[in-house]
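> structural data only, the sequence is not supplied:
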């Protein structure tokens, strides 16, 4: 079920200095937001991904802030369209995400907000590496059709609750997510959306992803005992 609409208190395209690069992002903070979710897009995608923007709107409607950011500069994206070599450079993408996390902790609009990370496809692996590198800053991770296996040894260093969402017909990604989950020491949960493929293009599939992600973040990002966190506490408690 879609959460009630929340009027945005702050909405702006921002410049984020991260890992020696100037990255563009779209920051949206609903009124009363106490947390913000940083999006890590997948291979060959950008902050304009229609799927990530759909999920972001659902999170905003639930009262969560969002930052959708391009992890590559315009020139890097131009080169990557021809070579496809940067989209799988997980250390580079994770460093950019870590820089964006640092930016959120410095920015006047977000410095008091808890931070979560939503990763799609290869962005799921990068999000987990960033979470391992910034354990004091990240409170929760959600991976959509992600490649947590690309996080490598960082999987065992992730300390934050992690939700892995995979399509029921995305058989190879189910396998890699199960393998990754078995290596993780943090609280993890694997949710399989029935009959969905890798891009969750089937009717209702992306809505299911958005609902799962919103509830996970509301539970783990809201302060303990808050009204919103309590509404989903029974579902997400391990």
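Now that the structure is in, tell me what you want to look at. Keep in mind it's a predicted model, so treat the numbers as computed, not measured. Residues are numbered from 1 along each chain as shown.
> tell me where this structure has strands.
Ranges of strands in the chain, per DSSP state E, are 8-18, 21-30, 35-40, 65-69, 114-120, 138-144, 162-167, 188-193.
> what angle sits between the third one and strand 114-120?
Strand 35-40 and strand 114-120 meet at an angle of 30 degrees, taking axes from the mean of the first three to the mean of the last three CA atoms, to 10 degrees as the criterion.
> could I get the strands of the chain as JSON lines with mean neighbour count, mean pLDDT and distance to residue 94?
All C-beta atoms are positioned from the backbone trio N, CA, C, and that covers glycine. Output for those, formatted as JSON lines (neighbours: other CB atoms under 10 Å; pLDDT from 0 to 100; distance: least, CB to CB, whole Å):
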{"stretch": "strand 8-18", "mean neighbour count": "14", "mean pLDDT": "87", "distance to residue 94": "11"}
{"stretch": "strand 21-30", "mean neighbour count": "19", "mean pLDDT": "94", "distance to residue 94": "13"}
{"stretch": "strand 35-40", "mean neighbour count": "27", "mean pLDDT": "96", "distance to residue 94": "9"}
{"stretch": "strand 65-69", "mean neighbour count": "27", "mean pLDDT": "96", "distance to residue 94": "13"}
{"stretch": "strand 114-120", "mean neighbour count": "28", "mean pLDDT": "96", "distance to residue 94": "10"}
{"stretch": "strand 138-144", "mean neighbour count": "27", "mean pLDDT": "97", "distance to residue 94": "12"}
{"stretch": "strand 162-167", "mean neighbour count": "26", "mean pLDDT": "98", "distance to residue 94": "15"}
{"stretch": "strand 188-193", "mean neighbour count": "18", "mean pLDDT": "98", "distance to residue 94": "19"}
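> wait, which of those strands is closest to residue 201?
Between residue 201 and the strands of the chain, the tightest spacing by CB to CB is seen for strand 162-167, at 9.3 Å.
> can you find the helix or strand in the chain with the smallest mean pLDDT?
None of the helices or strands of the chain scores lower by mean pLDDT, DSSP states H and E than helix 227-231, at a mean of 48.
> from residue 91, how far out is the residue of the chain most remote from its centre?
Using CA atoms, centre = their mean, the residue of the chain lying farthest from its centre is residue 82. It sits 26.2 Å away. The gap separating residue 82 from residue 91 is 21 Å, by CB to CB, to the nearest Å.
> how about residue 211?
Using CB to CB, residue 211 is found at 32 Å from residue 91.
> higher neighbour count, those two?
Neighbour totals were compared for residue 211 and residue 91, and residue 211 leads with 17 against 12 (other CB atoms under 10 Å).
> where are the low-confidence patches of this structure?
1-8, 42-45, 223-238 (pLDDT under 70).
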